[in-house]
Each structure stands twice: as structure tokens, then as C-alpha cells.
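[1] A structural model of the following input is requested.
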Amino acid sequence: MGLLTGRNKTTFALTITDHVIRLLEVKQPSLNGVRFFHERYLPEGIVREGKIIEAETLEMILQECVSEWGLKRKKVHFIVPEFLVVLRKESIPKEVADNEIKGHLYMEIGSSIHLPFDDPVFDYEVLYGPDSERKILLFAAPEDVINQYVSILDEVNIKVASADVSALALYRLLYFLDLVERKESTLLIQYNLTSVNLSIFTNHYPEFIRHVLLDTPYSDWKKELKGGVEVLTWSGEMDQLIEEIQDSIVEIQRVLDFYRFSMKQGKTGVSKILLVGDHPKLNLAAEELERKLQIPYSIVQQPELVTTDGVMLPHHFYPVLGLALKGVDQFG
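    Numbering: from 1, shown residues only. Got it, this is the predicted structure:
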């Protein structure tokens, strides 16, 4: 999503989710240019389903992060919270010139193009050339919520240089790593602490995005320091956690069936699943995937992705690294 543009030699990539703030500092946008990575867990209820609930508290926490991470007056590239993003495939009349598409969309949104919110901020990708009826992928998010993030970041002396969608950022990294192919239909699963983000890509474009909330109480995850690193430990009933993971895999199966039988009329389906995420029990989700689904899957773990000091990058930072690579990729 090209809400804004801009690039510096040192890139700062930032994401804020319901439960955590993450930042990468990358010297030149490249796979081997990560200088530092940082994260700060949020208290429950500060952000809920991508919407800022406690703005003053979030601003205070961000101010501490700015001081600790050296972000004052820096420009950052920002991942729009997944819950806010809507993906649509739309037709554009042949008589609309390429440089007139954005103006055409401004006129049609709210009349022929209906979104679940007013006053969107949006971006698009053209799928087909002008010799036929063109199709575009339209990405939209509510402008008021996006502006709230931009405003809070501005209050702590951070400027938003550009914004992107988590699924696109992750896919960009996987493309650089040669883990995806044009003709494959690949399901990306970001299995996180409070939600599961699903996206299906074919021909290097997203065809489907879905977000599934997890019902396990955030308060049952306890923060502990291990080796100087803050980690989360489950303090609730293990049966409850396993049941929630099983329910989420059932929902993933529904998405796969919908894609195969409703979107593709039974002619084709997902051929590969790639799994990442910050859920502390990601291995249990992987085991359940293997037990329930008949599709090859793998947890994306790339030991060659290290900082300039040789520290391995945790795989839940992969979408943030993909964000840092924005603007340097050309899908072939």
C-alpha cells in the first residue's frame, strides 16, 4: 500500500499489533543488512483488532521505545494492522487510462465499489493489460484509523514514510528467498498470539486474505525473562490452548475449501502452505496442520537470516524484514 513514499539508506521498519511492537533497522534494504531488531510487548487492551483503544498509553510506550531504540526524528515504514485491510478484485473500464485509475477509484468507491467503512485510504495493482478489460487488486483501510497511527507516531517524533500490508511484506521476503513460485497457489499462515492471518497467493499476487481471532485469553500468557529476552509462557489450562489451536485449524480447512470450491470451482486448490508466526506453541499448530490437512507445509526458518553481528533473526520478524525490502523487488 503506497500511502506515502520515501527511502533512506538506513531503513526502519515498524509493526504494531494487538500485543507487540516490533522494529527492524536495516542498512540498505537487503537480506543481509539487518543491524538491529527490537520488540516490546503491549499490555492487554491497548490495541484491539488493529484499533487503538488506549491512545495515551500507546503513545507513552512508543515514546519509551523511541528513546531506547534511537528512533527520534526517524522515518519508518509501517505495516498496517491486518484487521483493517480489505482486499478486492475490481474491473476497470478499458477507456480509463492508467494515470486515471486512482481518480476513477475515488469516484466509484461508495457507489459501484462498496467497502465496509467510509473514507478509505487505498492502493491498487493492475493485473491485466489495456488490451482486455483490466482487473485490479484494490487494498483499502479506514482512513481515520490509519491517521490515528500516523498522528501518534508523529507525536513521538516518528514520521511514516510508507505503509504496507503484512501479507505482501511476508510474501516479498519469501520471494527473495526463492520459497515461492509464480504458478503455485501458496497459503501463507501467520500464526500469532492473538490471531491467525491467512493469505493465498497465485502468480505473485494475493487472491484471498482472511483474519481469524484466537479466543485464548491474552491475560493467560505470562511474560518471563529468559537469557535477558522477554518470552511468553502459557499459564492457563493446556487443554484449552490445544482446543483453540484445533479450532483454528478447522477454520483454515474451511478457507482452503472455500478457495478450492467457491473461488476456483473445484478445478484447483492450494498446493503449498508456509507457516510463520510468534505464537509460543507454533509447533502444536504445525502438528495439527499435518494431522488434519493433506497439503505439504513447512515452518519458514532461515538460519542464514542474521544481523550484521551474526545474531539469527527470529522468524516472527520476517514480515518486518519483508517490509524493509519494499521497493527493491521485481517479481518475475
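
[2] end to end on stretch 178-197, go ahead and measure it.
    End-to-end distance for stretch 178-197, by Cα to Cα, to the nearest Å: 22 Å.

[3] flag every buried residue along that stretch.
    180, 185-197 (16 or more other Cβ atoms under 10 Å). The way it works is simple: take the backbone N, C-alpha and C, and place the C-beta from them, glycine included.

[4] can you map out the helices along this protein?
    55-69, 101-108, 143-155, 166-176, 238-257, 282-292, 318-324 (DSSP state H).

[5] in a markdown table, list those helices along with distance to Val300, mean pLDDT and mean neighbour count.
    Compiled in a markdown table, these are given as follows (distance: least, Cβ to Cβ, whole Å; pLDDT from 0 to 100; neighbours: other Cβ atoms under 10 Å):
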| stretch | distance to Val300 | mean pLDDT | mean neighbour count |
| --- | --- | --- | --- |
| helix 55-69 | 25 | 98 | 15 |
| helix 101-108 | 34 | 94 | 14 |
| helix 143-155 | 27 | 97 | 16 |
| helix 166-176 | 7 | 96 | 23 |
| helix 238-257 | 16 | 97 | 16 |
| helix 282-292 | 11 | 95 | 16 |
| helix 318-324 | 7 | 96 | 27 |
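
[6] what's the closest of the ones you listed to Val80?
    helix 143-155 (6.7 Å; Cβ to Cβ).

[7] the closest one - contacts with which helices or strands?
    Counting contacts by 3 or more Cβ pairs under 8 Å, 6 or more residues apart in numbering; DSSP states H and E, helix 143-155 packs against strand 51-52, helix 55-69, strand 74-80, strand 120-126, strand 158-165.

[8] repeat the analysis, applying 10 Å as the threshold.
    strand 10-16, strand 51-52, helix 55-69, strand 74-80, strand 120-126, strand 158-165 (3 or more Cβ pairs under 10 Å, 6 or more residues apart in numbering; DSSP states H and E).

[9] kindly reformat the ones you listed as CSV containing distance to Lys135.
    Below are the helices and strands packed on helix 143-155 laid out as CSV (distance: least, Cβ to Cβ, whole Å):
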stretch, distance to Lys135
strand 10-16, 29
strand 51-52, 31
helix 55-69, 38
strand 74-80, 23
strand 120-126, 8
strand 158-165, 18
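
[10] centroid-wise, who is the farthest residue in this structure?
    The C-alpha centroid of the chain is most remote from Glu95, which lies 34.1 Å away (Cα atoms, centre = their mean).

[11] quick one: that residue from Thr307, how far?
    51 Å (Cβ to Cβ, to the nearest Å).

[12] right, I'll leave it there.
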